[in-house]
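*Asks:* Provided below are the primary sequence and the corresponding predicted coordinates.
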Amino acid sequence: MAEVTAHHGLFKDTHLHVDDTGGTGRPVVLIHGWPLSGESWSEQVPALEAAGYRVVTYDRRGFGRSDKTRSGYDYDTLSDDLQALLTELDLTDVTLVGFSMGGGEVARYVSRHGQDRLRSVVFAAAVPPYMAQTGDNPEGPLDDATAQQFEDGLKSDRSAFFDQFTTQFFSVGDDLKVTEEQRQQAIALCEQSDEKATLECMEAFATTDFRGDLPSVTVPTLVLHGGGDGVVPFEGSGKRTHEAVAGSEVHVVDDAPHGFNVSHAREFNERLLDFLAR
């Protein structure tokens, strides 16, 4: 357990909470989804560590145990935070695994900072290429009405919103794919988030266009997605990312929800470990 200080932006001493298994294995950096924290990778860290990898998770600014700054919730700043982490820990030959919102950080990191430190990347249930449904992006899976419902729910009653959101997060239709204990654990992570960070990061992942970033990705790439994802549907996100990244691989987990790294951890880990081994 450690802290990395991001020396950039308006708040030049932003402390990011980091958990690092250490060791001499190849580094795998896991970037969590919204509005969770690095602890949401609890099903992946032991499996990766057992396979000999150095596993690094961190809490995005405004979430978990990291500093709750008053600004910096745009993808340029968040990718700069990631660069600060890789630089301070002196990580090279890295695989970045971005889940949901974290997939946006992967895309923006590559276009903004290059691939010198990277071996490969994984987009898991990730928001690229562009979530917002607009005139020039009709395939975007997030329409204005749904985005407004999210914002209104967060502003009116955060706890009720997190209860509803985690149910959708882990469900296919009306079928909850995790235990109630696992869902409650996710709610507890959501509750650690800062209100401003939650709202501004929601706006960031909803409205940031990564279509210009994805062609910059030329390292080996895996797109992992749940076939029943109702939060970031495969057709509007993972499928299009796979098509945009030349030579990428794609694996869809049948009947799996958005939070499939928990609900379908075994298949998720098997596919990830197979990709890392090649």
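*Replies:* That came through fine. Numbering: from 1, shown residues only.
*Asks:* What are the contacting residues of the helix or strand containing His225?
*Replies:* Assigned by DSSP states H and E, His225 falls within strand 221-226. When contacts are defined by C-beta atoms under 8 Å, 6 or more residues apart in numbering, strand 221-226 is touched by residues 120-126, 172, 234, 237-239, 241-242, 245, 247-253, 256-258, 260, 263-264, 268, 271-272, 275. For every residue, glycine as well, the C-beta is placed using N, CA and C.
*Asks:* Please apply the same query to stretch 3-22.
*Replies:* Contacts for stretch 3-22 (C-beta under 8 Å, 6+ apart): 1-2, 38, 45, 49, 53-61, 64-67, 69-72, 77, 80-81, 84-85, 88-89.
*Asks:* if you set the cut-off to 6 Å instead, what comes out?
*Replies:* With contact meaning C-beta atoms under 6 Å, 6 or more residues apart in numbering, stretch 3-22 is reached by 1-2, 38, 49, 54-59, 61, 65-67, 69, 71-72, 77, 80-81, 84-85, 88.
*Asks:* For ChimeraX, what selects the buried ones among these?
*Replies:* Remark: buried members of these, expressed as a ChimeraX selection using 16 or more other C-beta atoms under 10 Å:
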select :38,49,54,55,56,57,58,59,61,65,66,67,69,72,77,80,81,84,85,88
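*Asks:* In strands only, show me the contacts of stretch 3-22.
*Replies:* If you go by DSSP state E, the contacts of stretch 3-22 have Ala2, Arg54, Val55, Val56, Thr57, Tyr58 in strands.
*Asks:* that older thread, is it possible to mark the buried ones in the contacts of strand 221-226?
*Replies:* With neighbours counted by 16+ other C-beta under 10 Å, these contain buried members at 120-126, 172, 234, 237-239, 241-242, 245, 248-253, 256-258, 260, 263-264, 268, 271-272, 275.
*Asks:* Low-confidence regions, the chain specifically.
*Replies:* Residues of the chain meeting the criterion pLDDT under 70: 1-2, 7-12.
*Asks:* Strands of that one, residue ranges please.
*Replies:* So, for the chain - with DSSP E - the strands run 2-6, 14-20, 27-31, 54-58, 94-99, 118-124, 171-172, 175-176, 221-226, 249-253.
*Asks:* Which one of those strands lies nearest to Leu142?
*Replies:* strand 221-226 (15.8 Å; C-beta to C-beta).
*Asks:* Can I get that closest one as PDB, trimmed to CA atoms?
*Replies:* This file holds the C-alpha atoms of strand 221-226, laid out as PDB (Å, rounded to 0.1, in the frame of the first residue of the first chain):
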ATOM      1  CA  THR A 221      -5.300  -5.400 -27.500                       C
ATOM      2  CA  LEU A 222      -8.100  -7.500 -25.900                       C
ATOM      3  CA  VAL A 223     -11.700  -6.300 -25.800                       C
ATOM      4  CA  LEU A 224     -13.600  -8.200 -23.000                       C
ATOM      5  CA  HIS A 225     -17.300  -7.600 -22.600                       C
ATOM      6  CA  GLY A 226     -20.400  -9.100 -21.000                       C
END
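*Asks:* quick one on the thing from earlier: so for the strand holding His225, what gets flagged as buried?
*Replies:* By neighbour count with 16+ other C-beta under 10 Å, strand 221-226 contains the buried residues Thr221, Leu222, Val223, Leu224, His225, Gly226.
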